[in-house]
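Enquirer: Quick check, what structure comes out for this input:
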Amino acid sequence: MTSEHWRPSAPIDNLRRRAEILGRIRSFFAHRDVMEVDTQQLSHRAVSDPFIDSIEAQFRPTPESPAQSLYLQTSPEYAMKRLLAAGAGAIYQLGKVFRNGEVGGRHNPEFTMLEWYRPGLDDFALMDEVEALVAAVLPGFAPERLSYRTLFERELGIDPHRASLTQLQAVCRNHLDADFEDDSRDTWLNLLMSHVIEPRLEGGVFVHDFPASQSALARVREDATGTRVAARFELFIDGMEIANGYHELTDSAEQARRLEADQRCRSELGLPQRPLETRLVASLEAGLPECAGVALGVDRLVMLALGTRSIRDVIAFPFDLA
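Expert: Sure, this is the predicted structure:
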């Protein structure tokens, strides 16, 4: 009996349309004079985020040599910032990234990411460009823009910046089976966002001004009410996260502090300690230009363009066929 497991999961016509979309993306940046770059996929350093797990690889100079751990990159961010600090100017990268544990209808451990950086822009100006890029693939795309506070007030009737831990737990347990204890406000905010609010979102929605505790690699500023917020945004389309953008942190000391905080969090959660990307800190010390950057999930954008809810329909060989 002949096995059919050699066949791609995506129809060839879908892959042709995918190729057209990739060409449209490259044309978009060529017209805006943004340079395409190609950085390493294997690195001596790993992502620090406790909630993203790197895939580890073993390198040996010769078959009998001791193994050296390398890490498949979860994002080209660290490497691209080193290029920015070296004077590359506006840059983008379109290529594969890798994350452990991500398999499902919208996830594959190997997926395609579009990431770009714009010196001189902040997160609000970059939202304009993200909207233009998505509209080049999804004609008529016209997203609304809501602050994190406005979204929570609209959907749940609470101010996420001022609600107490007890209030957040109560609201969460009113919507979800969350029979556990956790003294982190972000745990409850993230549950409410991912399990209650996101599934309700229709059409395109930019969510901006996240809590300062969720700043990741973004800078922190005060909003119109004097509340400290993270200068970042996420784009959702029909409840699916498509892009995550920052007004980038340029303070090297603060960057070093955040990396160490991530490492401590990994230790507290019993996660492996990964070598930190100290070269990122060095690049900020050398002078990262004022800029905004964003990462966009290309497979998900193609899914939307083709009207499918499964990533298997837009990539040739998903995890089980790789």
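Enquirer: Can you give the contact residues for stretch 279-295?
Expert: Contacting residues not belonging to stretch 279-295 are listed as 45, 75, 77-78, 80-82, 84-86, 113-123, 125-126, 130, 243-252, 255-256, 259 [C-beta atoms under 8 Å, 6 or more residues apart in numbering]. Yep, even glycine has a C-beta here, placed from its N, CA and C like the rest.
Enquirer: In ChimeraX, select just the buried ones from those.
Expert: In ChimeraX, this line selects whichever of the contacts of stretch 279-295 come out buried by 16 or more other C-beta atoms under 10 Å:
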select :45,75,77,78,80,81,82,84,85,113,114,115,116,117,118,119,121,122,123,126,130,243,244,245,246,247,248,249,250,252,255,256,259
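Enquirer: Give me the subset of the contacts of stretch 279-295 lying in strands.
Expert: Applying DSSP state E to these, the entries found in strands are 113, 114, 115, 116, 117, 118, 119, 243, 244, 245, 246, 247.
Enquirer: For residue 218, state which of the residues you listed is nearest.
Expert: residue 246 (3.6 Å; C-beta to C-beta).
Enquirer: what's the spacing between that closest one and residue 55?
Expert: Residue 246 sits 24 Å away from residue 55, going by C-beta to C-beta, to the nearest Å.
Enquirer: How about residue 186?
Expert: 26 Å.
Enquirer: Compare neighbour counts for those two and give me the winner.
Expert: Between residue 186 and residue 55, counted using other C-beta atoms under 10 Å, the more crowded position is residue 55 (17 against 14).
Enquirer: so what's the more buried one up against?
Expert: Counted by C-beta under 8 Å, 6+ apart, residue 55 has contacts 71, 72, 98, 99, 100, 109.
Enquirer: any idea how far it lies from residue 61?
Expert: Distance from residue 55 to residue 61, counting by C-beta to C-beta: 21 Å.
Enquirer: Check residue 221 too.
Expert: Taking C-beta to C-beta as the measure, residue 221 falls 47 Å from residue 61.
Enquirer: the more surrounded of those two?
Expert: Set side by side, residue 221 and residue 61 show more neighbours around residue 221, with 16 against 8, by other C-beta under 10 Å.
Enquirer: for the more buried one, what are its contacts?
Expert: Taking C-beta under 8 Å, 6+ apart, one finds 228, 229, 231, 247 in contact with residue 221.
Enquirer: Downstream of the helix or strand it falls within, the next helix or strand is which one?
Expert: Using DSSP states H and E, residue 221 falls within strand 220-222. Next along the chain after strand 220-222, taking DSSP H and E as the criterion, comes strand 228-237.
Enquirer: what helices or strands is that next one leaning on?
Expert: Applying 3 or more C-beta pairs under 8 Å, 6 or more residues apart in numbering; DSSP states H and E, one finds that strand 228-237 contacts helix 123-137, strand 204-211, strand 220-222, strand 240-247.
Enquirer: For those, give me CSV that also has mean pLDDT and distance to residue 21.
Expert: CSV is the format used below for these (pLDDT from 0 to 100; distance: least, C-beta to C-beta, whole Å):
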stretch, mean pLDDT, distance to residue 21
helix 123-137, 98, 6
strand 204-211, 98, 17
strand 220-222, 97, 34
strand 240-247, 98, 13
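Enquirer: Make a markdown table out of these and add distance to residue 31.
Expert: As requested, these are exported to a markdown table (distance: least, C-beta to C-beta, whole Å):
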| stretch | distance to residue 31 |
| --- | --- |
| helix 123-137 | 10 |
| strand 204-211 | 22 |
| strand 220-222 | 31 |
| strand 240-247 | 20 |
